[in-house]
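>>> following is a predicted model, sequence given first.
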Amino acid sequence: MQFDLIIFDCDGVLINSEPISNRVLIEALAELGLHLTYEEAVSTFVGKSLTSNRLYIEERIGKPLSVEFTNNLQERVLEVFKSDLSPIEGIHKALEHIVQPVCVASSSNKEWIHLALEIVGLLPRFENGIFSASQVEHGKPAPDVYLYAAEQMGISPSRCAVIEDSPTGVQAGASAGMTVFGYTGTVAAEELLRAGAHHIFDRMDDLSQLLQDKNLNLV
């Protein structure tokens, strides 16, 4: 059988945002006295909900984050996005060859996803299917946002493929009962497999063929 819906994570899967976001976040946290390496930031924050990340930071610094800090951080990231954000290499080609409906299910807020996709020229492919963890009760690694996306798109979870690049996101997709393809652009294949990825790939150019090949093995 074939997949009826392909659900993409956004950051690190559609857009090359992880290096930018983590670099700016590291700089902002250092100003609060919290010093993290890039590797620590990736393992701590990537794939997590905004609420989860905020709670972690507040626990580490011993006080609530101010509204001003959050707004300033978003503005700083956005300024760099405007000049440096790019689509993941090969994603445009991959999408050209995927015939099934596609959508996005991300930990970022919906407005942020919309803007980021617009910057890199991917919005027309996804604007009718953008779903955020802010729309559900629990963020990743809970399956809520993936189940919500499937429900809104009218597709059974068992007929969905998830494209993820973080262990947290992989756990969410697998917990939703979906087939998870782990893209190794952010973390190593071994971490994605441990988190529950069913298939691993290194090049986005290979995704459309991989989806077709793996469909033959589904029951």
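Looks like it came in fine.

>>> count the neighbours of Val145 for me.
For Val145, the neighbour count with other CB atoms under 10 Å is 29. (C-beta placed from N, C-alpha, C; glycine too.)

>>> which SSE is it in?
helix 144-153 (DSSP states H and E).

>>> so what angle separates the directions of whichever helix or strand comes after that helix and helix 144-153?
From helix 144-153 onward toward the C-terminus, using DSSP H and E, the following helix or strand is strand 160-164. Put simply, strand 160-164 runs at 140 degrees to helix 144-153, going by axes from the mean of the first three to the mean of the last three CA atoms, to 10 degrees.

>>> can I assume Val187 sits in a strand?
No. Val187 is assigned coil when assessed by DSSP: H, G, I helix; E, B strand; the rest coil, not a strand.

>>> export the longest helix along the chain to PDB, keeping only CA atoms.
Secondary structure of the chain per DSSP state H: the longest helix is helix 67-84. Presented in PDB, the C-alpha positions along helix 67-84 are these (Å, rounded to 0.1, in the frame of the first residue of the first chain):
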ATOM      1  CA  VAL A  67       8.200  38.800  27.900                       C
ATOM      2  CA  GLU A  68      10.900  41.300  26.700                       C
ATOM      3  CA  PHE A  69      13.500  38.500  26.500                       C
ATOM      4  CA  THR A  70      11.200  36.200  24.500                       C
ATOM      5  CA  ASN A  71      10.200  39.000  22.100                       C
ATOM      6  CA  ASN A  72      13.700  40.200  21.700                       C
ATOM      7  CA  LEU A  73      14.900  36.600  21.000                       C
ATOM      8  CA  GLN A  74      12.300  36.200  18.300                       C
ATOM      9  CA  GLU A  75      13.200  39.500  16.700                       C
ATOM     10  CA  ARG A  76      16.900  38.600  16.700                       C
ATOM     11  CA  VAL A  77      16.300  35.200  15.100                       C
ATOM     12  CA  LEU A  78      14.000  36.700  12.500                       C
ATOM     13  CA  GLU A  79      16.600  39.300  11.500                       C
ATOM     14  CA  VAL A  80      19.100  36.600  10.800                       C
ATOM     15  CA  PHE A  81      16.400  34.400   9.100                       C
ATOM     16  CA  LYS A  82      15.800  37.200   6.600                       C
ATOM     17  CA  SER A  83      19.300  37.100   5.400                       C
ATOM     18  CA  ASP A  84      20.600  33.600   6.100                       C
END
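
>>> for the record, mean pLDDT for it?
Mean pLDDT, computed over helix 67-84, is 84.

>>> quick revisit: other residues contacting the helix holding Val145?
The set of residues external to helix 144-153 that reach it, using CB atoms under 8 Å, 6 or more residues apart in numbering, is 5, 7, 101, 103-107, 129, 131-133, 135-139, 156-157, 160, 162, 172-173, 176, 178.

>>> what's around Ser66, how many residues?
10.

>>> revised request: answer the last question for Val136.
Neighbours of Val136 (other CB under 10 Å): 19.

>>> check what pLDDT it gets.
95.

>>> outline the domain layout of this structure.
Domain assignment for the chain by automatic domain parsing gives 5-16+87-215, 18-84.

>>> ok, of those, where does mean pLDDT dip lowest?
What stands lowest among those, in mean pLDDT terms, is domain 18-84, with a mean of 84.
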